[in-house]
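Chemist: Got a predicted model here, sequence first, then my questions.
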Amino acid sequence: FGLLMTNNKHIYDLVIIGAGFAGLYSLYKAKLAKLNVITVERASNVGGTWYWNRYPGARCDVESMQYSYQFSNELQEEWEWTEKYATQPEILRYANHVADRFKLRQNIKFNTEIKSAKFISGKNHWELINHENQLIETKFCIMATGCLSTLNKPKFKNLKDFKGEIYHTGNWPHHHVDLKDKKVGIIGTGSSAIQCIPEIANEVEHLYVFQRTPHYTVPAKNAPLKYLRGKSKKNMREPIGYDNDLFVEEVKYNYSSFRLKAQNSVAAMALPINQQSALDVSDKRRKKIFEDRWNKGGVPFIAAFEDLNFDRKANETAAKFVRDKIKSLVKDSHVAKLLTPDYPIGCKRLAVDSNYYEVYNKSNITLVDLKTNPLEEFYTKGITTSKKHYELDVVILATGFDAMTGTLFNIDIEGKNNIKLKDKWSEGPKNYLGLASSGFPNLFTISGPGSPSVLTNMIVSIEQHVNWIFDCINYMKKNNKKLIEASSDAEIEWYKHNQEVSIDHVRSSCSSWYIGANIKGKAKNFMPYVGGYSKYVEKCNEVSQNGYEGFILK
Ligand code: NAP
């Protein structure tokens, strides 16, 4: 740290925790605002989620032309994505490019983990302690710590006895992992596993997939992106789709209107939403619409009709379409049945895949149904279920994350009156607009619980949050305010609203990490704001235009 480290005389204006997409943009804005700022990051480089999740097959399933920053026209003009869905290495290159292009690295301290953050009321600032017990003092804190950054590692009996290799998809090694000709077991069938399984099935001797709950997935129909390379850009139109060779150029030509569509949407994504009800069209027409969406690929499938997320009967038409697809794609009817979910589609996050269902037709893959054949324990050579021993060289845990609050709770955050965030949120996170919690002045959470975050295109949501926070800091400066804190009434009202809008939403219709169901002992309530991105932004803007209504400024 040298000079950057506090020595009781030096107090930062702002410390940003995390150098993923949220942390990088926060740092960019802080430098622009000429704040005395430092970012601390536990990894040895930038990228956040894309630094850690480097398992085979990792990609973003938001289209690359949308999963990118829009704060700099030059950046979005110059960067060239190569595929419809970017791979993890490409996204990581992009994060590195942003860090270099905007000269952000000089303010980032890597390999530094914050262990605790305590608000000192008498001094009106935060004291952070890092892993080496060094003190960092700051007036403001931004928690850019990510929503999916603390691993869920279930406590499997005798896991430590296993003599083979163990990896978690969310903390994949940086060196090459050789799976060639090995017997590999993967536990979990969420989005990460669904990307990883088809990729590694080609390499391993045998792959055992340990499935507790089947997951819905739709084909990505990934493709390379095409560029005009100096040819005439005459006759450019609104971008209409990837099957059009001019798509990228059209997006670039009309980037602002393309971005505006995302800004005005529910998921911060320019999605072609069909405004019809699935129940207002004939069976034949409905099937054709689903088939077209399936063939085009990706999450637009769930926008095939406007009521799939709210009307259970409408939802069932989409669920049945996918169930029929599974039946037709997977040759072994018993395996097909095991892969078929029985809950509404879109409750657990819809996955996007490349040959997921098809991979089960290979002879070197076995689906182990943990519902009828529960995982009992590990032993030196593998996994024992109630029916069988599975001898394995490698086990991959694709068991997800302690989402949204896990990382915040791992930092011992203590606010006013010695209240710990972990205790305050023990029955669910009360976080006004997903941005700030009462009793924790000058501490902001980016894409925190109570904001649309993981239900949206994250980079768009991140930019909105960061812009709002820096407008707020600017307002405080102009109005000579030193402290901002959410009021307890406002956060409780927001929390209630958040729970209310989730009641009828498909996302509440099964157990998922959105409600903390994957972590034993975690409070069960809906964490991200499901009322829609554009409505959320309207509310944030209303709050700031009304002099930060619901916040107490001092
Ligand atoms: P996940 O969706 O939480 O899936 C975890 C899987 O592990 C589930 O199948 C779960 O089964 C299983 N599991 C957990 N504990 C288990 C246990 N004790 N025994 C057996 N099985 C167990 O995690 P993920 O796949 O890492 O995805 C998390 C989120 O990351 C996604 O929802 C998405 O938001 C994000 N993500 C995005 C992308 C992308 O953009 N391309 C890719 C990957 C991930 P149950 O369902 O029965 O709990």
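Modeler: Nice, thanks for sending it over.

Chemist: what's the weakest-modelled helix or strand in the protein?
Modeler: Ranked by mean pLDDT, DSSP states H and E, the weakest helix or strand in the chain is helix 247-253, scoring a mean of 87.

Chemist: Surely Gly185 is in a strand?
Modeler: Yes. According to DSSP: H, G, I helix; E, B strand; the rest coil, Gly185 belongs to a strand.

Chemist: That one against Val395, yeah?
Modeler: Yes. Counting by Cβ atoms under 8 Å, Gly185 does reach Val395; the two are 4.9 Å apart. Yep, even glycine has a C-beta here, placed from its N, CA and C like the rest.

Chemist: Compare the two (neighbour count), which wins?
Modeler: Gly185 (27 against 23; other Cβ atoms under 10 Å).

Chemist: List the residues that contact that one.
Modeler: Contacts for Gly185 (Cβ atoms under 8 Å, 6 or more residues apart in numbering) come out as 207-210, 382-383, 390, 392, 394-396.

Chemist: do you know how far it is from Ser149?
Modeler: According to Cβ to Cβ, to the nearest Å, Gly185 stands 25 Å off from Ser149.

Chemist: from the stretch 451-554 of the chain, which residue is nearest to the ligand?
Modeler: Closest approach between the stretch 451-554 of the chain and the ligand, counting by Cβ to the nearest ligand atom: Trp513, at 4.8 Å.

Chemist: neighbours of that residue, just the number please.
Modeler: Neighbour tally, Trp513, other Cβ under 10 Å: 23.

Chemist: Who's the closest spatial neighbour of it, skipping the chain neighbours?
Modeler: Ala403 (4.5 Å; Cβ to Cβ, 6 or more residues apart in numbering).

Chemist: and what of Lys422?
Modeler: Phe409 (4.6 Å).

Chemist: contacting residues for the residue nearest the centre of the chain?
Modeler: For the chain, Val454 is the residue whose C-alpha lies nearest the centre (Cα atoms, centre = their mean; 4.8 Å). Val454 makes contact with 147-148, 349, 403-404, 447, 514, 528, according to Cβ under 8 Å, 6+ apart.

Chemist: in the longest helix out of those in the chain, what's buried?
Modeler: Ordering each helix of the chain by length in residues (DSSP state H) puts helix 458-478 first. Buried residues in helix 458-478, counting neighbours by 16 or more other Cβ atoms under 10 Å, are found at 458-466, 468-470, 472-473, 476.

Chemist: Extract the residue ranges of the stretch 201-350 of the chain that are flagged as low pLDDT.
Modeler: 230-244 (pLDDT under 70).

Chemist: if we go to 80?
Modeler: 228-246 (pLDDT under 80).

Chemist: That one: helices as residue ranges?
Modeler: For the stretch 201-350 of the chain, the helices defined by DSSP state H, counting those that start in this stretch cover 247-253, 255-263, 283-296, 312-329, 333-338.

Chemist: Minimum distance to the ligand: which of those helices has it?
Modeler: Comparing those by Cβ to the nearest ligand atom, helix 333-338 comes nearest, at 12.9 Å.

Chemist: following the closest one, which helix or strand shows up next?
Modeler: Following helix 333-338 in sequence order, the next helix or strand is strand 351-353 (DSSP states H and E).

Chemist: Pull up the residues of the stretch 401-550 of the chain that are close to the ligand.
Modeler: Contact residues (Cβ under 6 Å from any ligand atom) of the stretch 401-550 of the chain with the ligand: 401, 454, 513, 518.

Chemist: hey, what's the first one bridged with?
Modeler: Meaning Phe401. Leu151 (DSSP bridges).

Chemist: That one is in contact with Gly170, isn't it?
Modeler: Yes. Using Cβ under 8 Å, Phe401 is in contact with Gly170, at 6.2 Å.

Chemist: what's the overlap in contacts for these two?
Modeler: In contact with both Phe401 and Gly170: 148, 151, using Cβ under 8 Å, 6+ apart.

Chemist: ok, back up a step: of the helices of the stretch 201-350 of the chain, which approaches His131 most closely?
Modeler: Evaluated with Cβ to Cβ, those place helix 255-263 nearest to His131, the distance being 38.0 Å.

Chemist: Which secondary structure elements does the closest one sit against?
Modeler: helix 73-78, helix 533-545 (3 or more Cβ pairs under 8 Å, 6 or more residues apart in numbering; DSSP states H and E).

Chemist: residues from the stretch 1-150 of the chain in reach of the ligand?
Modeler: 59-61, 148.

Chemist: Around Lys157, count how many other residues there are.
Modeler: If we define neighbours as other Cβ under 10 Å, then Lys157 has 12 of them.

Chemist: Look at the closest residue in space to it that isn't next to it in sequence and report its pLDDT.
Modeler: Leaving aside its sequence neighbours, Lys157 sits nearest to Glu377 (Cβ to Cβ, 6+ apart; 3.8 Å). As predicted, Glu377 sits at a pLDDT of 98.

Chemist: and if you look at the one 3 residues further on?
Modeler: Per-residue confidence at Thr380 stands at 98 (pLDDT).
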